[in-house]
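S.K.: This is the structure alone, sequence omitted:
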């Protein structure tokens, strides 16, 4: 099943309306996004907790890495650059952090609050190579902007 992004956006909007707690929002989005698509084997957030450091936030799937510095991996690269990365083959990404040996591709989207404040990143892992598309990127960036953009 592929994500029906218009429906997912409506569901998330209804569930999160008026909520301002970042962790509560992350938990809701992780759950809804993860259930929306069979390609998503791990769906979760890494939260900025200190300069150049993220810790795991709400997620769905197997265990994740607990701490990711901005200097390491796909999530760190996204946090440093503030731009989404779609990695079709994680084995070809220098410095990929293998939280799970089954991950083959990864999509990481920065999460920004008011004034461009980096809140964290949304990390999606798939056990399928080249699982993610531009449609995934565009839809998830829009959902994250709507939910977190005013915080």
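M.R.: Happy to help now that I have it. Predicted model, so just to flag it, every value in this text is computed and none were measured.

S.K.: hey, let's count contacts and neighbours off CA atoms from now on
M.R.: OK.

S.K.: Next one: the residue sitting furthest away from the middle of the chain relative to residue 60, how far apart?
M.R.: Residue farthest from the centre of the chain, counting by CA atoms, centre = their mean, is residue 18 at 21.5 Å. Distance, residue 18 to residue 60, using CA to CA, to the nearest Å: 23 Å.

S.K.: and if you look at residue 77?
M.R.: 22 Å.

S.K.: residue closest to the middle of the protein?
M.R.: With distances taken as CA atoms, centre = their mean, residue 122 lies nearest the centre of the chain, 1.5 Å away.

S.K.: so what's that one up against?
M.R.: Residue 122 makes contact with 43-46, 108-111, according to CA atoms under 8 Å, 6 or more residues apart in numbering.

S.K.: Serialize those residues to a markdown table and add fields for pLDDT and distance to residue 64.
M.R.: Listed next are the contacts of residue 122 as a markdown table, based on pLDDT from 0 to 100; distance: CA to CA, whole Å:
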| residue | pLDDT | distance to residue 64 |
| --- | --- | --- |
| 43 | 98 | 10 |
| 44 | 97 | 9 |
| 45 | 98 | 10 |
| 46 | 98 | 10 |
| 108 | 98 | 14 |
| 109 | 98 | 16 |
| 110 | 98 | 18 |
| 111 | 98 | 18 |
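
S.K.: Quickly name whichever of those is closest to residue 88.
M.R.: Of all the contacts of residue 122, residue 88 sits closest to residue 108, with 11.5 Å by CA to CA.

S.K.: Where does the closest one fall, secondary structure wise?
M.R.: strand 105-112 (DSSP states H and E).

S.K.: Report all helices and strands that that strand contacts.
M.R.: Packed against strand 105-112 by the contact rule (3 or more CA pairs under 8 Å, 6 or more residues apart in numbering; DSSP states H and E) you find helix 73-81, strand 85-87, strand 118-126, helix 134-148.

S.K.: where does residue 42 sit relative to residue 77, distance-wise?
M.R.: 19 Å.

S.K.: Work out the gap between the strand holding residue 108 and the centre of the chain.
M.R.: 4 Å (CA atoms, centre = their mean, to the nearest Å).
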